[in-house]
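Colleague: Mind looking at a prediction? Sequence and model below.
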Amino acid sequence: MIYFITGGARSGKSSYAQAEALQLSGSPIYVATANVTNDDEFERRVTRHKNDRDDRWTTIEEPLHVSALPITDKTVVVDCVTLWLTNFFSRFKYNVEESLEAIKKEIDLLYSYPGVFLIVSNEIGMGVHAETEIGRKFTDLQGWANQYIAEKARKVVLMISGIPVVIKA
């Protein structure tokens with residue numbers, strides 16, 4: 001079962017997903033898709049996210065093949081699609097079609113597994129128009145991936161200013 005949580009930056013997506021996961025399980029799994037590099041500000045964000053979770057959580061870092069993890073029959077937060085897509089986009093040399101197919105394959109596998117998968121994403125297309133061609137390609141990729149995941153999801157929540165708005169139930 002897929003729950004899809006989407007929204008803008010700092011809208012409360014991760015906090016909401018984590019709270020929902022804890023309502024469903026006393027020992028959820030958090031899958032971090034970030035590829036942390038030499039970026040001090042990003043590393044601080046990652047540390048803040050880690051500090052948001054207590055010892056009930058198991059954290060697994062996986063930038064690409066989330067479906068290969070031992071997560072069947074579990075309650076899992078996958079955070080986040082934007083970073084996950086970035087990893088595919090980079091791997092496939094900014095090819096939108098290959099990146100979209102890769103994420104769809106991963107989502108299809110998660111969809112076929114028993115368990116609850118709370119998938120967090122960003123609505124980057126609601127923000128400032130990207131100035132570069134690669135930025136516009138990624139915005140399109142993100143939008144198509146979000147549509148695909150939302151279609152598969154049992155529940156879709158749009159976070160706005162910390163308030164969950166149920167789009168699909």
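Modeller: Great, that's in hand.
Colleague: Residue 73: how many residues sit nearby?
Modeller: A count of nearby residues for residue 73, using other Cβ atoms under 10 Å, gives 10. C-betas here are computed from N, CA, C, even on glycine.
Colleague: Would you confirm that it contacts residue 114?
Modeller: Yes. Using Cβ atoms under 8 Å, residue 73 makes contact with residue 114 at a distance of 5.0 Å.
Colleague: how about stretch 153-163: buried residues?
Modeller: 153, 155, 156, 157, 158, 159 (16 or more other Cβ atoms under 10 Å).
Colleague: try stretch 67-86
Modeller: Quick answer for stretch 67-86 (16+ other Cβ under 10 Å): 67, 71, 74-86.
Colleague: now do stretch 44-52
Modeller: Per 16+ other Cβ under 10 Å, stretch 44-52 contains these buried residues: residue 49.
Colleague: For it, what is the distance to the chain centroid?
Modeller: Stretch 44-52 has its C-alpha centroid displaced from the chain centroid by 16 Å (Cα atoms, centre = their mean, to the nearest Å).
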